[in-house]
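Student: Just to be clear, the model below is a prediction. Sequence and coordinates:
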Amino acid sequence: MGRGVLRPGAAEQAFTLARHVPPASLTPFADFCWVVRWDLRGQPDYSQTILPLPNVNMAFEASGAGIFGVDRRLFTRQLSGAGKALGIRFRPGGFRPFWGGPVFELTDRVVPASALFGPSAVVACERVMAADGDAEMIACATELLAARLPAVDPVADQAAKLVELITEDSGLRRVDQLASVSGLTVRGLQRLFAEYVGVSPKWVMRRARLHEAALRADSGDRVDWGELAAELGYADQAHLTRDFTATLGVSPTRYQRDAC
């Protein structure tokens, strides 16, 4: 299912998730397009919880098209009956050229796509929902963005690469370390992330560690939480447990036990 989708084993029984490379015109801005489909007719509703990443998403669904800023809390979506949704996940910083203002304005918010794209967003959403295959859905959605494609912003690319560095290098555990590697000051990093990513570099570091902890818990393998805490840069297992519990609502050991 991918990073951020909690309890992927149960999720696979309730819906399908496909990821597609975006059109070439959108690759400077977007990571991928995603399509979710479900058919729960005659079955109980399903509630899926997501541990959000530092990405803005634009989603098209039956209720309309919306721009989803970075959510610092857990995100839960209830699925019932049969349906589908299409989304575009932007690179960290990648939505800033479209938005035209600080991305922190979108943090913890969902904004109707029509607020930015006007009535065309409503028409595009209707076309997406009427389309059959994934390719046709993606074409209808990306036409909306192509109509007002901004210039490529090198600072947005810099923001994306810094988030990627945080995610891939577990040794980066403090903002001053990132400042040293990037050549920016701590304050400069904070301004860059607020403007382009929507959350602080410290938040991205903390969330990356929690994603790794959740992935280990969902793997089904036995986890030595003390060893993992050290690997992820926590002072001890108690600090990992507090961080995990504060965000996911249960301790790591309870989370893994409930998943079995």
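Tutor: Good, I have the coordinates.

Student: for stretch 146-164, what is the average pLDDT?
Tutor: The predicted model assigns stretch 146-164 a mean pLDDT of 97.

Student: wait, stretch 92-111
Tutor: Confidence over stretch 92-111, taken as the mean pLDDT, stands at 98.

Student: Pull out the CA atoms of it and give them to me as CSV.
Tutor: Presented in CSV, the C-alpha positions along stretch 92-111 are these (Å, rounded to 0.1, in the frame of the first residue of the first chain):
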residue,chain,number,x,y,z
PRO,A,92,7.0,18.7,-1.1
GLY,A,93,7.1,22.3,-2.2
GLY,A,94,5.6,21.4,-5.5
PHE,A,95,2.2,23.0,-4.9
ARG,A,96,3.7,26.4,-4.0
PRO,A,97,3.9,27.6,-7.7
PHE,A,98,0.2,26.8,-8.2
TRP,A,99,-0.9,28.2,-4.8
GLY,A,100,1.0,31.4,-5.2
GLY,A,101,1.5,32.0,-1.5
PRO,A,102,2.9,30.3,1.6
VAL,A,103,1.9,26.6,1.8
PHE,A,104,1.5,26.8,5.6
GLU,A,105,-1.8,28.6,4.7
LEU,A,106,-3.0,25.2,3.7
THR,A,107,-1.7,23.2,6.7
ASP,A,108,-4.4,21.2,8.4
ARG,A,109,-7.0,22.5,5.9
VAL,A,110,-9.0,21.3,3.0
VAL,A,111,-9.8,24.0,0.4
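
Student: what about the helices in the stretch 51-200 of the chain?
Tutor: Counting by DSSP state H, counting those that start in this stretch, the stretch 51-200 of the chain has these helices, from start to end: 96-99, 114-117, 119-130, 134-146, 154-168, 175-182, 186-196.

Student: nearest to residue 211, of those?
Tutor: Relative to residue 211, the nearest member of the helices of the stretch 51-200 of the chain by C-beta to C-beta is helix 154-168, separated by 8.1 Å. C-beta: built from backbone N, CA, C; applies to glycine.
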